[in-house]
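Asker: The amino acid sequence is not available; the structure is as follows:
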C-alpha cells in the first residue's frame, strides 16, 4: 500500500528556519506573544502614564472613592494542544530510528528540535508528521531522510559543535591584521567565524602587518595594479624597489612563479623572477608579501614582460587558488597588455594555425587567428591541428619573443577539446610491396582514421601469401613468390633415444628462420625407417626467429627436461638409427597423408653412413646421411643451416645458433 509522505519540503523549510533562528538567537527567536515586553519600571500595571499613584483614573481630587469593582476570576491556563504533543512525540521516535542515528550521529538533537518546532508552527507539517505515528523505522527512515533532506544536511556538515570550529592562524589581508578570539559557532553543520573575527587596520597605527599582527613601521604596498599599468599615477620607474602585499600565487611550476592581486581583473598579475629566493615551498592559493626590483627584461627573450626580481618572499598562509578571470580572445594582441600575467579563461576557441613557427616548431599553436597557446607549463595532447576546437582554455598570459601567449597549467585548464587528427592527412595508394611473406597490392587510396589520424588501407588491400618455403621477392619487374634459399621452417634438434624407455620422452625442436610468424596447422612430423610414416599432426604458432618443442609429454632429466609447446606422444616412436639410416621429417600435409612420394619441407637423416632405404629429403631426392647415431641420452642438433652434430648436452628450446 502506498504510504502518504511524512514530511514535505515545506516542513523542511519551516523546520530548518526555526532551528537556525533558535541556534542563532536563542529562545527570543520564538513567537513574540510568548515573550511579552515588561512594563515601564516604576509604573503600576494598568496605571495610565501621568496619573498620580493611588488616584483612580478620571476621579476628581477630593471626591469619595466609588465602591470597588470585584476583579474577574482568572481564566484557567489553556490545555496543551494534544495534536502538537502527538506530533512532537513522533519527532522524538523518528530521530531515534537506527538508520537516522547512523546517518546523522549527534546532529539528531538539532533535527528533533527542528521537527518539534514545525509541529508548533506549521499545521500542515503537523498533520503530515503525525501520519508516521506507529510505523516501523524501516518504513519511516527512507521517507524522513528524503523529505527532510537529511543526507545532504548530515553528510555535508563540517561541524557538530563549536569545538569543531577552530579558527585559522592569524594572517594579514593587505595591511589589515586578521585574528580570532576563539572557536566559531556551528550553524546548520557549517562553521561561522564572523562572531569571533577581529580585524585591525595597521595603517591607522602607523604600522605594517606581519604574521597577522601589527608591528614595525608601516610598509607601503606598491600594488601590482600600479606596477603593471603605465597609466597609473603610482607606476614606478624601471629599477625601483617595490613591495606587493597579500598577493596570491597563481602559478609555481617548472621553476616559474606568477602572483596576482586577490581581486583579480586587468593589470592584476605579474611575473616573479626568483633570484636567490627559494620558491619551492609555494603553491597556488598561497598569500605572500613580496619585495624586489621592478624590471621589464630589456634585451632578453622576455623583453616587455613586467617582472619583479625578488629579494624576499614571505608566505602568509594558504588559501583556495584564484578563479581565472573571464576574458575575450578579441583583446589580443592589441589590448593584451591588461591581461599580461593574469590568470584568465577564454571560451569557444578554434585552432587556426597548428604551427606558426614552421620548421622551428616551438610547440605553439594559434587560436582564432589572434593568440598563441604555448607549452611552457603543460603540453596539450594530442597536438592540436587546424580546425580543433576547445570549449574553454585557461592559464596565465605570458609575453615572450614579442608575443602574448596563453600558458595552460595542467589538464584541468583544457575543456571540451575536440581535435581533427585527420586534418591535412592524405592517404594516397601505396606501391605494391612485399609485406612479411605476402605480395600486397592496393586498388585505391586509403582512409584516415579519426581516432588516430593514421591511414587505413585495409579496404583497398589485395594480399597473396607465399607458400611454405617461399618468400616474397621484388624481381625488379614484378613481385614474385620464390623459393627461400635462406631462412626456412626447419627441424633444429631431435631427442630420439632418451635414457631408459623412449615412449613419451622423445621430442623434436622446430625453428622458424623466416621473417614472419608461422601457424603450424596442416603440417606434420613423420619418422623414416623403411619408409616415412606420420607420427604427429602439428598445431600452434612459431614466431619469427623462434623455436618450439613438440613431443613428450614426459619432461625430466632422462630427456633434458624440455618445455613443450605441443605436448603429445610421438606415435609410433622414432627410430634409433643403426645399419639402415633412419630419419625425422617435417611435412606440408597432415600425418595421415604422408606417403613415400610426399616431399618433406625439411628432413634430418641419421645413423648409418648409408641411406640404404633411399629416404628423400627437402630436395625431393634420396638424401645424404646428416649425422651419426646420437647414443642414449644425447640429441642430434643442427649446427648451421645445413650441418648437424651429436649434442652430448641437449639444449631444448635454445636455437640461438641458428639465428642469422
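Answerer: In hand now; what should we look at? This is a predicted model, so every value here is computed, not measured.
Asker: CA only for contacts and neighbour counts going forward, please
Answerer: Noted.
Asker: how about low-confidence regions in the stretch 251-400 of the chain?
Answerer: For the stretch 251-400 of the chain, no stretch is flagged by pLDDT under 70.
Asker: one more time with 90, if that's ok
Answerer: 254-255, 274-276, 297-303, 358-361, 381-383, 385 (pLDDT under 90).
Asker: Centre-most residue in the chain?
Answerer: residue 411 (9.5 Å; Cα atoms, centre = their mean).
Asker: quick one: that one from residue 356, how far?
Answerer: 23 Å (Cα to Cα, to the nearest Å).
Asker: Likewise for residue 157?
Answerer: Residue 157 is 52 Å from residue 356, by Cα to Cα.
Asker: The protein: helices as residue ranges?
Answerer: Taking DSSP state H, the helices of the chain run over residues 9-25, 82-95, 98-104, 108-121, 123-130, 137-147, 150-155, 224-228.
Asker: TSV for the ones you listed, including mean neighbour count and mean pLDDT?
Answerer: Shown next, in TSV, are the helices of the chain (neighbours: other Cα atoms under 10 Å; pLDDT from 0 to 100):
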stretch	mean neighbour count	mean pLDDT
helix 9-25	18	39
helix 82-95	20	90
helix 98-104	17	88
helix 108-121	22	87
helix 123-130	20	88
helix 137-147	17	86
helix 150-155	16	80
helix 224-228	23	96
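Asker: want to throw those into CSV with distance to residue 275?
Answerer: Shown next, in CSV, are the helices of the chain (distance: least, Cα to Cα, whole Å):
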stretch, distance to residue 275
helix 9-25, 51
helix 82-95, 62
helix 98-104, 53
helix 108-121, 56
helix 123-130, 67
helix 137-147, 58
helix 150-155, 47
helix 224-228, 19
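Asker: out of those helices, which comes closest to residue 322?
Answerer: Nearest to residue 322, of all the helices of the chain, is helix 224-228, at 15.7 Å by Cα to Cα.
Asker: by contact count, what packs against that closest one?
Answerer: strand 269-273 (3 or more Cα pairs under 8 Å, 6 or more residues apart in numbering; DSSP states H and E).
Asker: Give the pairing partners of the strand it packs on; include direction for each.
Answerer: Paired neighbours of strand 269-273 in the sheet (DSSP bridges): strand 256-260 (antiparallel), strand 307-317 (parallel).
Asker: what's the most buried one of those strands?
Answerer: Neighbour counts (mean count of other Cα atoms under 10 Å) averaged over each of the strands paired with strand 269-273 peak at strand 256-260, with a mean of 24.
Asker: which one of the strands paired with strand 269-273 lies closest to residue 454?
Answerer: strand 256-260 (36.8 Å).
Asker: what does the closest one rub up against?
Answerer: Outside strand 256-260, the residues within contact range by Cα atoms under 8 Å, 6 or more residues apart in numbering are 224, 247-252, 268-274, 279, 341-342.
Asker: Just the buried subset of those residues, please.
Answerer: Listed as buried from these are 224, 247-252, 268-274, 279, 341-342; burial here means 16 or more other Cα atoms under 10 Å.
Asker: what's around residue 430, how many residues?
Answerer: 15 (other Cα atoms under 10 Å).
Asker: The residue lying closest to it once chain neighbours are set aside pairs with what?
Answerer: Distance criterion Cα to Cα, 6 or more residues apart in numbering; nearest residue to residue 430, sequence neighbours excluded, is residue 442 at 6.6 Å. Counting by DSSP bridges, residue 442 forms beta bridges with residue 461.
Asker: show me what contacts the nearest residue to residue 537 once chain neighbours are set aside?
Answerer: Nearest non-adjacent residue to residue 537, counting by Cα to Cα, 6+ apart: residue 524, 4.4 Å away. If you count contacts by Cα under 8 Å, 6+ apart, residue 524 has them with 534, 535, 536, 537, 538, 586, 587, 588, 589, 590, 591.
Asker: can these go into TSV with extra columns for pLDDT, neighbour count and distance to residue 370?
Answerer: Formatted as TSV, those follow (pLDDT from 0 to 100; neighbours: other Cα atoms under 10 Å; distance: Cα to Cα, whole Å):
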residue	pLDDT	neighbour count	distance to residue 370
534	92	24	77
535	92	23	76
536	95	23	73
537	96	20	70
538	96	21	67
586	96	26	70
587	96	24	70
588	95	21	68
589	95	20	70
590	95	18	71
591	94	20	74
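Asker: What about these, which are in strands?
Answerer: 534, 535, 536, 537, 586, 587 (DSSP state E).
Asker: which ones are touching the first one?
Answerer: Shown here is residue 534, whose contacts under the criterion Cα under 8 Å, 6+ apart are 524, 525, 526, 527, 591, 592, 593, 594.
Asker: Please repeat the previous calculation with a cut-off of 6 Å.
Answerer: 526, 591 (Cα atoms under 6 Å, 6 or more residues apart in numbering).
Asker: Show me the beta-bridge partners of it.
Answerer: residue 526.
Asker: out of the helices of the chain, nearest to residue 402?
Answerer: So among these, helix 224-228 is nearest, using Cα to Cα, at 16.8 Å.
Asker: Pull the distance from that closest one to the chain's centre.
Answerer: Offset of helix 224-228 from its chain centre (Cα atoms, centre = their mean, to the nearest Å): 38 Å.
Asker: To what extent is residue 303 buried, counted in neighbours?
Answerer: 16.
Asker: re earlier: isn't the residue nearest to residue 430 right up against residue 461?
Answerer: Yes. Using Cα atoms under 6 Å, residue 442 is in contact with residue 461, at 4.6 Å.
Asker: any chance of the ones in strands among the contacts of residue 524 in JSON lines, with distance to residue 361 too?
Answerer: Compiled in JSON lines, those are given as follows (distance: Cα to Cα, whole Å):
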{"residue": "534", "distance to residue 361": "65"}
{"residue": "535", "distance to residue 361": "64"}
{"residue": "536", "distance to residue 361": "61"}
{"residue": "537", "distance to residue 361": "58"}
{"residue": "586", "distance to residue 361": "57"}
{"residue": "587", "distance to residue 361": "58"}
